[in-house]
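Student: next input, structure requested:
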Amino acid sequence: MDKAAGHAQAEQRPDTLVWGKNPVTELLKSGEAVDTVYLADTLPPAVAGYYTALAKQGGAVAKRVPAHKLQKMCGTADHQGVAARAAEVRYASLQDLFAAAATRQEAPFLVLCDGVEDPHNLGAIIRSAYLCGAHGVVIPKRGGVGVTGTVMKASAGAAARLPVARVTNLAQAIREIKEHNIFVYCADLGGAPLARTDLSGPVALVLGSEGGGPGALTRKLCDAAVTLEMAPGQATGVDSYNVSVAAGILCYDVLRRRSGK
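Tutor: Sure, this is the predicted structure:
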């Protein structure tokens, strides 16, 4: 078994810049190591005081910087006057995700991303997974985006709270997930309609890349495929949902079934 798929120690990635009021707040409250919090000199004193206090509680240094400098650091004007530099944001291991489900005494609920390249899509997927009660998200080390500042922003801070495992071999990770008696569903055209698919119990959802969907090996390893139906006559030129929208629909279906019980 390729232990790098789940048994290796959590990987560390250095020096990640996170921006936006909510993502920075969630990061500071998550307990992750933060070096510096940057506050634009245009922030109202009360807002700046709030983030300065949060930074102090987390052992970080708060610095006031010109707004134009903050924009240059973040590469966008959408920083809301706040940014934080995380020194060591850690990826979880696959075992951490199983442990999270056991701690909550719940059937495991995982979301796997096979080649999602747009950081906004990955952030939105993590956000939906977190809000719908998933125990973690799994992404590959190659062939997809990692958790960046843009992903953190797009997730509205959820990426600081929901464990994200980054595995060397996604296929091996799926095999290991199945060994834990978790049923793996692949979101793919040609699968059974969601209305006729039972997403209750231990479940893992696999979402594919924006252009081609899940890879051939991923499809083969999954236990079943599920398709989101479209209104009749609407498929011309637009044959599938955006991957983050599909993730939101499927994750909510899992939440709905679990809440019903």
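
Student: tell me where the chain has helices.
Tutor: Under the criterion DSSP state H, helices of the chain are mapped to 21-29, 45-57, 67-74, 94-103, 119-131, 149-154, 170-179, 216-221, 243-260.

Student: let's have these in TSV, adding mean neighbour count, distance to residue 138 and mean pLDDT.
Tutor: Placement of C-beta: from N, CA and C, glycine included. Supplementary listing: those in TSV, determined by neighbours: other Cβ atoms under 10 Å; distance: least, Cβ to Cβ, whole Å; pLDDT from 0 to 100:
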stretch	mean neighbour count	distance to residue 138	mean pLDDT
helix 21-29	21	21	90
helix 45-57	15	30	92
helix 67-74	16	28	92
helix 94-103	18	7	97
helix 119-131	24	10	95
helix 149-154	25	14	82
helix 170-179	20	6	97
helix 216-221	15	12	92
helix 243-260	18	13	95
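
Student: just send those back as TSV, with distance to residue 143 too.
Tutor: Below are the helices of the chain laid out as TSV (distance: least, Cβ to Cβ, whole Å):
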stretch	distance to residue 143
helix 21-29	25
helix 45-57	36
helix 67-74	26
helix 94-103	17
helix 119-131	13
helix 149-154	16
helix 170-179	8
helix 216-221	11
helix 243-260	14
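
Student: my guess is residue 124 contacts residue 158. True?
Tutor: No. With contact defined as Cβ atoms under 8 Å, residue 124 does not reach residue 158; the gap is 9.5 Å.

Student: what do the two both touch?
Tutor: Where contact means Cβ atoms under 8 Å, 6 or more residues apart in numbering, no residue is in contact with each of residue 124 and residue 158.

Student: coming back round to it: closest to residue 37 out of the helices of the chain?
Tutor: Relative to residue 37, the nearest member of these by Cβ to Cβ is helix 45-57, separated by 4.1 Å.

Student: what sits against residue 104?
Tutor: Applying Cβ under 8 Å, 6+ apart, one finds that residue 104 lies in contact with residue 135.

Student: okay, it: pLDDT?
Tutor: On the pLDDT scale, residue 104 is placed at 96.

Student: again with residue 90
Tutor: Reported pLDDT at residue 90 in the predicted model: 76.

Student: that one and residue 144: what is the separation?
Tutor: Here residue 90 is placed at a distance of 18 Å from residue 144 (Cβ to Cβ, to the nearest Å).

Student: repeat for residue 105
Tutor: Between residue 105 and residue 144 the distance is 31 Å, computed by Cβ to Cβ.

Student: now do residue 107
Tutor: Summarising the geometry, the distance separating residue 107 from residue 144, computed by Cβ to Cβ, is 26 Å.

Student: residue 93 too?
Tutor: Counting by Cβ to Cβ, the separation of residue 93 from residue 144 is 18 Å.

Student: more crowded one of these two?
Tutor: Residue environment comparison for residue 93 versus residue 144 gives the larger neighbour count to residue 93, 23 against 17, counting by other Cβ atoms under 10 Å.

Student: the more buried one contacts residue 165, correct?
Tutor: Yes. At 5.9 Å, residue 93 counts as touching residue 165 under the criterion of Cβ under 8 Å.

Student: now the spatially most central residue of the chain, nearest residue through space, not along the chain?
Tutor: Nearest residue to the geometric centre of the chain (Cα atoms, centre = their mean): residue 126, 2.7 Å. Distances taken as Cβ to Cβ, 6 or more residues apart in numbering place residue 155 nearest to residue 126, at 4.4 Å, with adjacent residues excluded.

Student: no more questions from me, cheers.
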